[in-house]
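Chemist: sequence unavailable; structure follows:
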C-alpha cells in the first residue's frame, strides 16, 4: 500500500471535480484539466476530498502515481506551475516578440519558439525566461525543449540552465610543460 496514495486530496474552495468512470475533470479559476486513468485504480469523491484506492497490490505502483497526478491537476487549476530558466554567455539573450520567444544563442540565426496553447512564456530580463501554465508536465516539457537549444557546457557554463541548477564544472586544459 502506497503511503502517498492513501492520503486524501482536499478540494479547495472554487474548484469543481467531476469523476466520470475513470476520467477526472478538474475546473478551477485558472482553467480546466482532464485526464483519463487506468481502471485498476478506483477514484471516489466524498464531500470535499478525493480518495484513490487500488483493487490489487500487484499494480500498487499506480496508486501513488494516480493520487499525485490528480493532486497536480488541483494545484494547477488553483495556483499554476512555473519553471525559471537562466541564460549564461556573452551575447546570449532572450526577447519576447508578440507570442514568440526569440533566442540569440551564438548560432548564425536566431531561434524562434512559439507559445503553445495553455503555456505563457515571460522574459523579465534578457538572461531569464519563465515558463508558466496549469499543466505541470507541459510546463516542464516546454522548459526542457527551450533548454535543449543550448545545453550548459561544463567548461565555462555557457548555455541555458534551470534556475538554481548546479552545473558541474570541469578544469580546462593543463598547460603542458616541456
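Modeler: Yep, it's here. Just so it is clear, the structure is predicted and the values come from calculations on it, not from any experiment.
Chemist: for the residue nearest to the spatial centre of the chain, helix, strand, or coil?
Modeler: The residue at the geometric middle of the chain, judged as the C-alpha nearest the mean C-alpha position with Cα atoms, centre = their mean, is residue 140 (2.7 Å). Classification of residue 140 using DSSP: H, G, I helix; E, B strand; the rest coil returns helix.
Chemist: hang on, isn't it packed against residue 82?
Modeler: No. The criterion here is Cβ atoms under 8 Å, and residue 140 misses it with residue 82 at 10.4 Å. For the C-beta atoms, the positions are set from N, CA and C on the backbone; glycine is no exception.
Chemist: what pLDDT does residue 2 get?
Modeler: At residue 2, the pLDDT value in this model is 73.
Chemist: and what of the one 3 residues further on?
Modeler: We have a pLDDT of 85 for residue 5.
Chemist: contacting residues for it?
Modeler: With contacts taken as Cβ atoms under 8 Å, 6 or more residues apart in numbering, residue 5 has the following neighbours: 52, 54, 63, 64, 66, 67.
Chemist: which ones among these lie within strands?
Modeler: Per DSSP state E, strands hold the following members of those: 52, 54.
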